[in-house]
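A.B. asks: quick one: sequence plus predicted model below, questions after.
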Amino acid sequence: MKLFSFRALADVAWGVALAASCGIALAQEEPKVLNVYNWSDYIAEDTLKNFEKETGIKVRYDNFDSNEILHAKLVAGKTGYDIVVPSSNWAKIQIDGGLLAKLDKALIPNLANVDAETAGQIAKLDPGNQHLVVWLWGYTTVGINVDKVKAALGSMPMPDNAWDLVFKPEYISKMKSCGVSFLDSPSEIFPAALHYLGKPAFSKQTSDYQEASRMLQAIRPYVTLFSSSGYINDMANGSICLALGWSGDISIARQRAIDGKTGNKIEVLIPKTGGILFFDTMAIPVDAPHPKNAHAFINYILKPEVHASLTNKVFYANPNAQSTKFVKKEVAENPTVFLSAENKKKMIAPDAVNNDIRRLSTRLYTQFKTGL
Amino acid sequence: MSESSSGTAASAPAAAGGANKTAADARFLRIENLVKEFDSVVAVDKVSIDIRKGEIFALLGSSGCGKSTLLRMLAGFETPTSGRILLDGRDIAQIPPYERPINMMFQSYALFPHLSVWDNVAFGLRRAGLPKDQVADQVEKMLGLVQLKQFAKRKPHQLSGGQQQRVALARSLAKRPQLLLLDEPLGALDKKLRERTQLELVGIIESVGVTCVMVTHDQEEAMTMASRIAIMSEGRILQIGAPAEIYETPNCRFVADFIGNVNLFKGKVVEDAADHVIVDTPECRHYVGHGITGTEGMEVSVAIRPEKIRITRERPGGAHDGFNCVEAEVADLAYLGSYTIYHLKLATGLLVKASIASVERLPDWQPTWGDKVFASWDEYAMVVLTQ
Amino acid sequence: MNKLLARLMPNNPGRAVVIGVPYLWLVLFFLLPFLIVLKISVSEMNVGQPPFKPLTEMVDNFLNIRVYLGNFISLFDVANDDLYARTYLSSLKYAAWTTIFCLVIGFPFAYFMARARPTIRPALLMLVMMPFWTSFLLRVYAWKAILTTNGVFNQILIGLGIIGEPLHMLHTPFSLMIGMVYVYLPFMILPLYANLVKLDGRLLEAAADLGATPWQRFWLVTVPLSKSGIIAGSMLVFIPCVGEFVIPELLGGPETLMIGRVLWDELFSNNDWPRAAAVAVVTILLIIVPLAIFNKYQAESQGERT
C-alpha cells in the first residue's frame, strides 16, 4: 500500500504538531488536575478530599503493588502521572535513567519539615535530595497470627530470629496448614533471603543469589500464596497465619482484625537481625503534564497534620519531624511503627542493583515460584 | 415421438422375460397397502404394487405426489405408518437402511466429496467387511462397467455431470443389491446428455440384472427406461402399466393429460354397443371403435392424441362419414423439424392440437395461418374416459 | 492518493478503494505494529527512555546499523537456560489440551445445534453467545468463587457427601483448564456449527444406504466433511490460548508457566523490552506455522466445494 500517501502522513504530522502546540500553550496555565500513582492501601480517606478542597485541584488516584510495575510504566513513558511513589532504590535507577524530574524546591516550602536522618538516608541514593521526598517508610519483615502460629508450632518454641519462621523449613513446614504468604516480587524476596543467609541484602554477587535460590527452593512447598496486597485481608480474616510482608501492611491487617472483631491477633515481628528498610518517595516523572500541581501536592503532604494522618491510617512511619504531635497515641507508641534507636540501627538500608542482577533475580524468582 | 417408440423397444425384452417367470418372481418386491402420514398429511395413500424380478419400474408423477416418499420407504429412510414392504418374501419395513439389501442412486448423486471415485465405489463394500482384494476386484469391475477406470483417483468435483452420474451408479451397484433405487437418476444432466444417458443406464442395469425402482417426474425418461410405469398423484397410484399401455389407453383424464399431449372433448354417450360407442360432443359426433364400461347418457371425455389427427383441405369421406371430423381454422403453428404442431380453433372456441409428422407433409399444400381445414381421426384413435 | 489508485486500476477506481481499505487496515494495525515489535526485538536494552537503544547511528558520516541478535540467541540457548523453551512447550501443551477439550465438548454441541429444528436454532446460537454479554474478567472471577476451597463447588460436593474435605482446585492445572475451555468454547462451537449446518443430509443417507452404521457415518462422513470447521475452530481456540495471560494469572497455579507470564516478567520485572519483543516474535512465528497450514488447507478445500 504505497498508495497510503505522504499527504496522509503529512496530515497526521500536522495533527500531532497541533496537539503538541496546544499542550505547550496549556502548560502555561495548568488545568486544575493532578494524576497520582501510588501503592495500594497507602493513604488516609480524607487526604485527597482535603487537598482538593484546599487547592481546587482534582486528583485522579491509581494504585500499584510492586516497584516493577511502576518502573515498567515509567520506562514506557507518557504515563500521564504527575506524582509517582517508587521505593528509593528503584528511584535511583529511574533518576539515572533520566525518568524523574528535578524538584523546584522553591515551590515546596514544607521541605523544611523533613527530618535530617531520613533526608540523609535518601541522599545516599539521590545526592542533594534533588528528586525525591519520602512519603512514608517501613520495612520488610515477618507478620504472624499469634494464636495460629503458636498452635501450629505446638511444643516448638518461637524462634529467636523471626526470619527463621519463613526461611527455615522446620518452622515454615508447620505453617503450611494455616496459610503462608510471600510478597510477590523478586525485589522484595531476594534482599530478605540474602540478608537471612548473612549476605549483603543488595548483593552484586551472582553466587549469593544462587545460594539464596537454593534456600528458597527448599521452602517453596510451604508457601501457599504469593501476594503483595491481597494478603492484608487474608491475614485479617485468618486464612493466612504467616506472612513475609511489609510492616505497615501487617499492622493494617491487625487493625482490620480488631475492627472486624475476627478474633485474630496479628503481630508485626522485628527480626533480631533486622528487617529490610524501604523508603517510598514522591517523585515527578519528567513528562508529567501537571508539574506545578505535583509540587503543590508534595508540599501539601509535607504538612505535619497531613503526614501524621497517613501514619495514623496505614501504620507506616513518616519523615516529618513536625508531625509527631498529630500522630495518635497508640500509633506513636507502637514500637513497630516508629522504631526505637536500637531497632533502627539493626535495619538494612536499601540499595539499587544493576540490570544483570535484576534479570538474574527475576529468573531465579520464576524458578522459585514455578519450579522451572 | 421417437423417444416413446425407443422406450417401448427397450422394455419389450424385459416384459417378455417377465411373463415366463414364476409367480414368486412376479412378486419379487411387493408393496402392500403402504401408508405414510406426516403430521396428519397423507403423503402415500394405500399404495400396493407388485414388482417383477429384474424389471425396471418407474414411479412417475409431479413433485409432491408422494413418489419420493415411497422410494425413501423402500430405502428405509422413512418408516411406513402402515402397510408392508416384502422383498423376496421378507418384510423389510423395520430393517434399518444400512442392513437392507437395497442400494440407492441419489438425486444429484450425493457422492462423498472428500473421497476419490475409487473410494466412493468401495465405500459400501468396505462397510460390508469384504477382504481388501475382493473390494479391489469389485471396484475395478464396477469402474469398468461404467467406463471410468481412468478416473479412479479423481475427486467427484473433478468430474463432469455425466461422469458423476456413472460413479453414483457404480457405487450403488457395487454391493450387488437385490433392489436398486434410482431417484431422478438423470435430473441433474442437461437435455442432450440425458437422452444419450438414458439408454446407456438401462443397458448397464439390465446387464447386471438387478431389479430397479426409479422415481422421476420426466415422462420421457420413465417411458424410455422403464418396463412398467406407475402414475402417482396425491399419494395414490392412478394407473400401472407398460409405457405404451399408459400412453395409448390412459384410464383417466389425469393420466391422459399427464402423459403426452391430449385433446379432450366432453360429451355424452348416445349409443353404447358391445363393439362400439357413439359419443356426442358440441364439436362433433364421435364413433369409437371399441366398447366401454358405461351406460347411455353417461358424461364422458373423448381423448385424442395430437399425432392421431389428420389435417385435410377437403372433408374426408370413409366408413364413418359424418363422424370424427371437425371444421377448424389454423390459429397457430410451430414447425419443430421432425413434426409440426398446429393449433386448430373450432367453431365452439375449443382449441385442438394436431401434430403432423414431416414425412406426411404434402408437397403441394401446407396449412398456414388462417386456413380453413378439416381435422379428422379414425375410430381407433380415441379413448373414452369415464373419470 | 486517488490519482495513484486510478492509474493502477484505471477501469474502476471504486473497486481499488474497496480492496484498499482492508489492506490499509492490515498494514496499519498488523504489519506496522509487528515491524515495530520486530525492530525492538533486535535492539539492545537501555535503562531510561525509550527502554531500547536505536538501531541506527550516524558516526563520522557513517550510518551504522546495529542489529542485536542476543535476545533471540538467549531464547534458544537451552544449555544455559531452558526456561523459554520449556515455557513455549508448556504454553503449546496447555493450548493443545484446551483445543482438544473444546473440540470434544464443542463438536456434539455444534452437531445437535445444526440438527435442531431450524426454528429453534437462532435461540440455541444466542445461548452459545450469551456469555459474551458479561465481561470476560467477571466470568473468570466467577470461576474463582466457584472453585475456591470454601467455594460453591466444594460446598455442593461436601453437601452431597461425596467428599469429606474440601478439594484444592483453584490455582491448579485443573482450574486453569476449566477457565480456558470455558472461555474459548464458543470460538470452537460457532465455526463448527456454521460448517455442520451446511452438511448435506443426503450424504449421510447415502452412507447409511451403503451399509454404514450411525457411528461409521459420523467418523467416515460427518467428521471428514466438517474438517474445515474443525480446523477453523481449533485455530480460533489454539492461537489465542498460546499467548493467554489473564486466565492462567487468575486461575492457574504458580507452576502453570505460560508464555504470557514470561513476557510479562520480561516487560515488568526486567523492563527488558527487546527480550520481551523477541519472546513475542517467536510466539507469533509459532502461531504462523499452524495458520499457514490452515491457509493451505482452506485453499485446497475451496476447490472441493465448487
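C.D. replies: Happy to help now that I have it. Numbers count the residues shown, from 1 in each chain, chains lettered A, B, ... in the order given.
A.B. asks: residues near the closest residue to chain B within the stretch 101-250 of chain A, how many?
C.D. replies: Per CB to the nearest CB, A:Phe226 is where the stretch 101-250 of chain A lies closest to chain B, at 51.0 Å. Where C-beta positions appear, they are placed from N, C-alpha and C, glycine not excepted. Look at A:Phe226: counted by other CB atoms under 10 Å in any protein chain shown, it has 19 neighbours.
A.B. asks: next: C:Leu220.
C.D. replies: Around C:Leu220 there are 22 other residues, counting by other CB under 10 Å.
A.B. asks: what about it, which SS state?
C.D. replies: helix (DSSP: H, G, I helix; E, B strand; the rest coil).
A.B. asks: nearest spatial neighbour of the residue of the stretch 101-250 of chain A closest to chain B, chain-adjacent residues omitted?
C.D. replies: A:Asp184 (4.0 Å; CB to CB, 6 or more residues apart in numbering or on different chains).
A.B. asks: what about the one you found, which SS state?
C.D. replies: Of the three states, A:Asp184 takes coil under three-state DSSP.
A.B. asks: could you report the neighbour count for it?
C.D. replies: Close neighbours of A:Asp184, defined as other CB under 10 Å, add up to 20.
A.B. asks: now it. Its backbone dihedrals?
C.D. replies: As for A:Asp184, its main-chain torsions (degrees, to the nearest 10) stand at phi -100, psi 60.
A.B. asks: correct me if wrong: A:Thr281 contacts A:Trp135.
C.D. replies: Yes. Counting by CB atoms under 8 Å, A:Trp135 is a contact partner of A:Thr281 at 6.3 Å.
A.B. asks: find the residues that touch each one of the two.
C.D. replies: Common contacts of A:Thr281 and A:Trp135 (CB atoms under 8 Å, 6 or more residues apart in numbering or on different chains): A:Val85.
A.B. asks: and the host helix or strand of A:Glu188, what does it pack against?
C.D. replies: Per DSSP states H and E, A:Glu188 falls inside helix A:186-196. For helix A:186-196, the elements it packs on are strand A:133-145, helix A:163-167, helix A:206-219, strand A:242-246, strand A:276-282, helix A:355-370, judged by 3 or more CB pairs under 8 Å, 6 or more residues apart in numbering or on different chains; DSSP states H and E.
A.B. asks: give me that answer again for 7 Å
C.D. replies: helix A:163-167, helix A:206-219, strand A:276-282, helix A:355-370 (3 or more CB pairs under 7 Å, 6 or more residues apart in numbering or on different chains; DSSP states H and E).
A.B. asks: with adjacent residues omitted, what lies nearest to B:Val42?
C.D. replies: B:Gly235 (5.3 Å).
A.B. asks: and for that neighbour, the neighbour number?
C.D. replies: The burial count for B:Gly235: 23, using other CB under 10 Å.
A.B. asks: nearest to chain A: which residue in the stretch 1-150 of chain B?
C.D. replies: In the stretch 1-150 of chain B, the residue that lies nearest chain A is B:Pro113 (37.5 Å; CB to the nearest CB).
A.B. asks: revised request: answer the last question for chain B.
C.D. replies: Of all residues in chain B, B:His157 sits closest to chain A, at 35.5 Å by CB to the nearest CB.
A.B. asks: right, and that residue touches B:His114 too?
C.D. replies: No. The criterion here is CB atoms under 7 Å, and B:His157 misses it with B:His114 at 10.2 Å.
A.B. asks: who has more neighbours out of those two?
C.D. replies: Higher neighbour count among B:His157 and B:His114: B:His114, with 18 against 12, using other CB under 10 Å.
A.B. asks: tell me the confidence at that one?
C.D. replies: With respect to pLDDT, B:His114 scores 92.
A.B. asks: same question, C:Pro50
C.D. replies: For C:Pro50, the model assigns a pLDDT of 83.
A.B. asks: then A:Glu330?
C.D. replies: 89.
A.B. asks: can you give me the strands for the stretch 51-200 of chain C?
C.D. replies: C:56-59, C:62-65 (DSSP state E, counting those that start in this stretch).
A.B. asks: give the partner strands of the first one in its sheet and their orientations.
C.D. replies: Paired with strand C:56-59 in the same sheet, following DSSP bridges, are strand C:62-65 (antiparallel).
A.B. asks: cheers, nothing more for now.
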